[in-house]
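Engineer: I need the structure of the sequence given here:
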Amino acid sequence: MLPSIDADATAQRIDARRIENNLSVRDLQNVFGFSSPQAVYGWIRARSVPSIDNLVVLANVLHTTIDDLIVTQ
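Structural biologist: This next block holds a predicted model:
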């Protein structure tokens, strides 16, 4: 069986790192230039997983690595 991304666990990690870095959802919305916070809420509620481009930025902003953010099953 091939590995896949565990969306729930990945969402928890993203949100935990966001909180550890004292960033609000709005802060991340502004970093990405999104017109609304819905994409960020989608990431932290496991409704979606950030694209690879967004993961690169997210890891940098959260002072971590992509490998630390993504949980596989």
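
Engineer: C-alpha from now on. contacts and neighbour counts both.
Structural biologist: Noted.

Engineer: need the longest helix for the chain.
Structural biologist: Longest helix of the chain, by residue count under DSSP state H: helix 7-20.

Engineer: roughly how far is that helix from the heart of the chain?
Structural biologist: How far helix 7-20 lies from its chain's middle: 6 Å, per Cα atoms, centre = their mean, to the nearest Å.

Engineer: Stretch 14-27 too?
Structural biologist: 9 Å.

Engineer: Same question for stretch 62-73.
Structural biologist: With Cα atoms, centre = their mean, you get 9 Å for stretch 62-73.

Engineer: Near A11, how many other residues are there?
Structural biologist: Neighbourhood size, A11 [other Cα atoms under 10 Å]: 24.

Engineer: And it, how close does it get to Y41?
Structural biologist: To Y41, A11 is 9 Å away according to Cα to Cα, to the nearest Å.

Engineer: Who are the contact partners of the residue nearest the centre of the chain?
Structural biologist: Nearest to the geometric centre of the chain sits I14, at 4.2 Å (Cα atoms, centre = their mean). By Cα atoms under 8 Å, 6 or more residues apart in numbering, the residues touching I14 are 43-44, 69.

Engineer: Out of those residues, which is nearest to N22?
Structural biologist: The closest of the contacts of I14 to N22 turns out to be I44 (Cα to Cα; 14.9 Å).

Engineer: was I right about that closest one contacting A9?
Structural biologist: No - at 9.6 Å, I44 and A9 do not qualify as touching, with contact defined as Cα atoms under 8 Å.

Engineer: Counting neighbours around each, name which of these two comes out higher.
Structural biologist: Neighbours were counted for I44 and for A9 using other Cα under 10 Å; I44 has more, 24 against 17.
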